[in-house]
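1. just to be clear, the model below is a prediction. Sequence and coordinates:
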Amino acid sequence: MANKKFLSIFSIITLLLLAACGNKEHTNERVEAEGNEDLISVYTTVYPLQYFTERIGGDAVDVQSIYPPGADEHTFDPTQKDMMALADSDLFFYIGLGLEGFVENAEKTMKGEHVKMIAVADNIPEESLGEGHDHGEEGHESDGHDEEEHESHEQDHEENDSHDHDDHEHSEFDPHVWISPLLSIELATVIKDSLIEASPEKKDMFKENFEGLKEDLLALDLKFKDMASNATTKTFFVSHAAFGYIADSYGLEQVAVAGLNSQSEPSQKELAALVKYAKAHEVKYVLFEQNVSSKLTDVIRKEIGANSLMLHNLGVLTSEDVENKADYLSLMEYNIATLAEALGNK
């Protein structure tokens, strides 16, 4: 009898403790939720926009990319869950310039919703934007010995222009603007102004944080200039044309296997022209990307007997990047080191 009474009392105490713990957890969740009510909820497309928003917004923002780790920003298609989360946010930062194929339909779906959708590249002056060619190698200068073949390659490319591509391939401008530290300042400026509009009482903090980010981006620009000035060769071969702004800004030459869209592959004639050009210029390295699988790029690499390196396009992080706590600055530093090796720095 005493044992039964002891067990009964023990059971009551246990239930009371569990109830107390449950109430405490519920209270903590409620407090946490109430504490987050003043946060500006932000979604972005490409990773650099997330990073810039985190740097500028600080503790005042809750920001994440709509892209899952390792996604291809050129082919991403949001789920219904993604769209519901987007509708509940305050701001949605995307590049524009035809990069994000899903945004046009999303804007129609989101009409009348709370979220404000902002194309951050819209304020970049047109004279600062690169031309939106389908293939990065179109811009390279041909030496006399391969000029005829290069012209044949361009003609073949023009014949293939009638093929179906996604919208941003036909954009007038190259949308990979975040790869340029200086153009990234323009993107960050739009983000700063949008956050100030959303939360004007935090204006001073946003401005101060922006200035810190701007200093880091200017420092990156100087490091790219130093790397390029010490390069023994100016040409780099890469899987797709995401690095035109680096080439244009620092006197380098990007030769890309795929065009602005990573899914746009060269014809057999174009492939042969690329191999011949690479051999003629004694290309020692072919650069692959963290989220682009390109068998044709590997075919070229094997054909010319080149080594492979990874160049990060920063469009999305991989799971490994997330695990290693990589960010925009560390990945750009990584790219500088990769290009220094590929270009044979002195």
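-> That came in fine, so what should we check first?

2. for this structure, what spans make up the strands?
-> 40-44, 61-65, 91-94, 116-119, 235-240, 253-258, 285-288, 307-310 (DSSP state E).

3. ok, and what's touching the first one?
-> Applying Cβ atoms under 8 Å, 6 or more residues apart in numbering, the set of residues contacting strand 40-44 from outside is 50, 53, 57, 60-66, 85-86, 88-94, 115, 195, 198-199. C-beta here means a position set from N, CA and C on the backbone, and glycine is covered the same way.

4. reformat the strands of the chain as a markdown table; add mean pLDDT.
-> Formatted as a markdown table, these follow (pLDDT from 0 to 100):
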| stretch | mean pLDDT |
| --- | --- |
| strand 40-44 | 96 |
| strand 61-65 | 95 |
| strand 91-94 | 96 |
| strand 116-119 | 94 |
| strand 235-240 | 88 |
| strand 253-258 | 87 |
| strand 285-288 | 90 |
| strand 307-310 | 89 |
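
5. out of the ones you listed, flag the one nearest residue 182.
-> With Cβ to Cβ, the closest approach to residue 182 among those belongs to strand 253-258: 17.1 Å.

6. hmm, back to that, which of the contacts of strand 40-44 count as buried?
-> 50, 53, 57, 60-63, 65-66, 85-86, 89-94, 115, 195, 198-199 (16 or more other Cβ atoms under 10 Å).

7. any weak-confidence spans in the stretch 101-250 of the chain?
-> 132-171 (pLDDT under 70).

8. again, 50 this time
-> Along the stretch 101-250 of the chain, the model assigns pLDDT under 50 to residues 133-170.

9. quick one: the helices in it?
-> 103-109, 147-159, 181-198, 203-229, 244-250 (DSSP state H, counting those that start in this stretch).

10. out of these, nearest to residue 283?
-> Among those, if distance is taken as Cβ to Cβ, the winner is helix 244-250, at 14.7 Å.

11. give the other helices and strands that that closest one contacts.
-> helix 203-229, strand 253-258 (3 or more Cβ pairs under 8 Å, 6 or more residues apart in numbering; DSSP states H and E).

12. most tightly packed of those?
-> Compared across the helices and strands packed on helix 244-250, strand 253-258 shows the largest average neighbour count, a mean of 25 (mean count of other Cβ atoms under 10 Å).

13. helices or strands next to it in the packing?
-> strand 235-240, helix 244-250, helix 268-280, helix 295-304.

14. in the longest one, what's buried?
-> Buried residues in helix 268-280, defined by neighbour count with 16+ other Cβ under 10 Å: 269, 270, 271, 272, 273, 274, 275, 276, 277, 278.

15. please save the CA atoms from that helix in CSV.
-> The C-alpha trace of helix 268-280 is given here as CSV (Å, rounded to 0.1, in the frame of the first residue of the first chain):
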residue,chain,number,x,y,z
GLN,A,268,30.6,20.0,-82.2
LYS,A,269,32.2,22.7,-84.4
GLU,A,270,32.4,25.1,-81.5
LEU,A,271,33.9,22.4,-79.3
ALA,A,272,36.6,21.7,-81.9
ALA,A,273,37.4,25.4,-82.2
LEU,A,274,37.8,25.6,-78.4
VAL,A,275,40.1,22.7,-78.3
LYS,A,276,42.3,24.2,-81.1
TYR,A,277,42.3,27.6,-79.4
ALA,A,278,43.3,26.1,-76.1
LYS,A,279,46.2,24.1,-77.7
ALA,A,280,47.4,27.1,-79.6
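
16. would you mind giving the strands of the chain as CSV with distance to residue 224 added?
-> Converted to CSV, the strands of the chain look like this (distance: least, Cβ to Cβ, whole Å):
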stretch, distance to residue 224
strand 40-44, 24
strand 61-65, 24
strand 91-94, 24
strand 116-119, 26
strand 235-240, 13
strand 253-258, 14
strand 285-288, 15
strand 307-310, 17
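
17. among those strands, which is nearest residue 223?
-> Using Cβ to Cβ, those put strand 235-240 closest to residue 223, at 16.6 Å.

18. could you give the angle of that closest one to helix 295-304?
-> Here the directions of strand 235-240 and helix 295-304 differ by 150 degrees (axes from the mean of the first three to the mean of the last three Cα atoms, to 10 degrees).

19. going forward can the numbers begin at 495, since that is how I track them
-> All right, first residue 495 from here; so that's strand 729-734.

20. who does strand 729-734 pair up with?
-> Applying DSSP bridges to the sheet, strand 729-734 is found paired with strand 747-752 (parallel), strand 779-782 (parallel).
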